[in-house]
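>>> predicted model follows, preceded by the sequence.
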Amino acid sequence: MQPADIAPKDRLIVALDLPGVTEAEAMVARLGDSVSFYKIGYQLAYAGGLPLVQQLAKSGKKVFVDLKLHDIGNTVARGVESVAKLGATFLTVHAYPQTMKAAVEARSGSGLKILAVTVLTSYDDGDLHAAGYRLNVSDLVEARAQQAQVLGVDGLVSSPEEAAALRKIVGHQMNLVTPGIRPAGAATGDQKRIMTPARAIAAGADYLVVGRPITEAADPRLAADAVQAEIKQALG
Ligand SMILES: O=c1ccn([C@@H]2O[C@H](COP(=O)(O)O)[C@@H](O)[C@H]2O)c(=O)[nH]1
């Protein structure tokens, strides 16, 4: 999907990083029609949250399954086939060539899009070096984006800090999905490469992933509406 085709409201993806299905359902009810796109990651998926993917999809919401798959090709492919049956819109894999190739082949014919996680937004150059990488964050993100593009991956997960550079590399053929979003004044937490919603959109991000600044807000709906307003304003 070209960025211009993405409805402004669908650009906010709320991370349902919550302890269980009851809490997740309550959050979805609280956010109501302010939010149309949800992300289910480790915490909820491992607490029985995967059936919620189908439930949300049936109720008209879009769902991003953020399991960041990385395994031998056959295991990744079979996992992708299973997630495709749930009706999810996005699924993440780590941006390793074998993994991306297996995922792209396995999703073909389904409506599922594969997103490659380039470098986690909680990493800076020092963290990469500590993990044994010689490249800095921006170089590794760009190298992985180029590999992902060649392999036919549908989109990239990166910090909004890399969005403008990635746009130049991949044009509008791939979706740019950016966590590490922090409204002005929000606690950074463990995120290291962050931007405000408005700056992320201006930098070229298609989708903004926001978790704690919304789910831990005193009024999550008000917090989500504020992010939506910032997105709309930045889109002009
Ligand atoms: O590089 C990445 C990839 C995924 N995430 C996920 O996004 C949300 C962010 O939540 P916040 O509470 O807004 O920090 C979370 O579910 C991560 O698993 C990411 O942050 N960075």
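Perfect, I can see it now.
>>> near the ligand, which residues of this structure show up?
Residues of the chain lying close to the ligand (C-beta under 6 Å from any ligand atom) are 15, 17, 41, 66, 117, 120-121, 157, 179-180, 189, 191, 209-213. For the C-beta atoms, the positions are set from N, CA and C on the backbone; glycine is no exception.
>>> let's see that with 5 Å instead.
Within the chain, the positions near the ligand by C-beta under 5 Å from any ligand atom are 15, 17, 41, 120-121, 179, 209, 211-212.
>>> which pair in these spans the largest distance?
Set against one another by C-beta to C-beta, those have their most distant pair in Leu120 and Arg212, with a gap of 15.8 Å.
>>> out of those two, which sits in the more crowded spot?
Taking Leu120 and Arg212 together and counting by other C-beta atoms under 10 Å, Leu120 has the greater number of neighbours (20 against 16).
>>> can you list the weak-confidence ranges in the protein?
Flagging of the chain using pLDDT under 70 yields the residue ranges 1-4.
>>> which residue packs closest to the residue nearest the centre of it, ignoring adjacent ones?
Geometric centre of the chain, nearest residue: Val177, 4.9 Å, by C-alpha atoms, centre = their mean. Taking C-beta to C-beta, 6 or more residues apart in numbering as the measure, Val177 lies nearest to Tyr207, with 4.4 Å between them; neighbours along the chain are not counted.
>>> from the ligand, how far out is the one you found?
When C-beta to the nearest ligand atom, to the nearest Å is applied, the distance between Tyr207 and the ligand equals 11 Å.
>>> ok, now which ones touch that residue?
Neighbouring residues of Tyr207 by C-beta atoms under 8 Å, 6 or more residues apart in numbering: 6, 10-13, 37, 175-178.
>>> any chance of those in TSV, plus secondary structure?
Compiled in TSV, those are given as follows (DSSP: H, G, I helix; E, B strand; the rest coil):
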residue	secondary structure
Ile6	coil
Asp10	helix
Arg11	helix
Leu12	strand
Ile13	strand
Phe37	strand
Asn175	strand
Leu176	strand
Val177	strand
Thr178	strand
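>>> ok, and the most crowded of those residues?
For the contacts of Tyr207, the largest neighbour count, defined by other C-beta under 10 Å, is 30 neighbours, found at Thr178.
>>> Leu44 contacts Asp17, doesn't it?
Yes: between Leu44 and Asp17 a contact is recorded at 6.9 Å, counting by C-beta atoms under 8 Å.
>>> who has more neighbours, these two?
Higher neighbour count among Leu44 and Asp17: Leu44, with 24 against 19, using other C-beta under 10 Å.
>>> enumerate every residue touching the more buried one.
Residues in contact with Leu44 (C-beta under 8 Å, 6+ apart) are 16-21, 24, 52.
>>> mind doing that once more with 10 Å?
For Leu44, the set of contacting residues under the criterion of C-beta atoms under 10 Å, 6 or more residues apart in numbering consists of 15-21, 23-24, 38, 50, 52-53, 66.
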